[in-house]
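*Asks:* have a look at this fold, sequence not included:
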């Protein structure tokens with residue numbers, strides 16, 4: 001496995017552990033449907049929480065959250081739409097971002113940003 005894939009998996013493992021410790025129920029990790037993909041789908045307090053995880057080894061080339069572009073946000077929203085439809089859910093949806101900076105020493109800096117972004121289009125307009 002490529003080193004960047006291992007780093008991404010490490011970040012997602014840390015993010016999932018953090019969510020579990022905070023009382024979230026993990027519904028899916030790396031959920032895929034066609035070309036659509038979500039890192040973590042969780043639930044807490046009757047809210048569906050779609051979590052994008054960005055992991056970096058260091059911040060030399062910028063903070064992990066800077067990798068969350070408008071195009072990526074649109075894809076996440078479209079994927080969340082597909083998820084809600086696929087499972088016929090009737091829950092409010094929140095979009096969170098978890099950033100992880102893990103330097104390989106076993107320690108990591110994790111930041112959980114709730115409501116990192118909101119859909120700007122109605123659900124039905126996203127296909």
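*Replies:* Perfect, thanks for sending it. Source: prediction; values computed, not measured. Residues are numbered from 1 along each chain as shown.
*Asks:* for stretch 92-99, buried residues please.
*Replies:* When burial is assessed from 16 or more other Cβ atoms under 10 Å, stretch 92-99 yields the following buried residues: 93, 94, 95, 96, 97, 98, 99. For the C-beta atoms, the positions are set from N, CA and C on the backbone; glycine is no exception.
*Asks:* out of these, which comes closest to residue 66?
*Replies:* Nearest to residue 66 among the buried residues of stretch 92-99, counting by Cβ to Cβ, is residue 99 at 9.5 Å.
*Asks:* specify the beta-bridge partners of the closest one.
*Replies:* Taking DSSP bridges as the rule, residue 99 bridges to residue 54, residue 111.
*Asks:* now do the contacts for it.
*Replies:* By Cβ atoms under 8 Å, 6 or more residues apart in numbering, the contact list for residue 99 reads 53, 54, 55, 56, 63, 64, 65, 110, 111, 113.
*Asks:* can we see that at 6 Å?
*Replies:* Going by Cβ atoms under 6 Å, 6 or more residues apart in numbering, residue 99 touches 54, 64, 65, 111.
*Asks:* residue contacts, the second one?
*Replies:* Looking back up the chat, that one is residue 64. Each residue near residue 64 by Cβ under 6 Å, 6+ apart is listed here: 54, 56, 99.
*Asks:* how about the residues you listed in a markdown table, adding pLDDT and distance to residue 6?
*Replies:* A markdown table is the format used below for the contacts of residue 64 (pLDDT from 0 to 100; distance: Cβ to Cβ, whole Å):
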| residue | pLDDT | distance to residue 6 |
| --- | --- | --- |
| 54 | 94 | 15 |
| 56 | 89 | 13 |
| 99 | 95 | 17 |
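*Asks:* redo these as JSON lines? Include distance to residue 25.
*Replies:* Formatted as JSON lines, the contacts of residue 64 follow (distance: Cβ to Cβ, whole Å):
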{"residue": "54", "distance to residue 25": "22"}
{"residue": "56", "distance to residue 25": "27"}
{"residue": "99", "distance to residue 25": "22"}
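*Asks:* next SSE after the helix-or-strand element of the chain with minimal mean pLDDT?
*Replies:* Using mean pLDDT, DSSP states H and E, helix 3-21 stands out as the lowest-scoring helix or strand of the chain, at a mean of 85. The helix or strand immediately downstream of helix 3-21 is strand 25-33, counting by DSSP states H and E.
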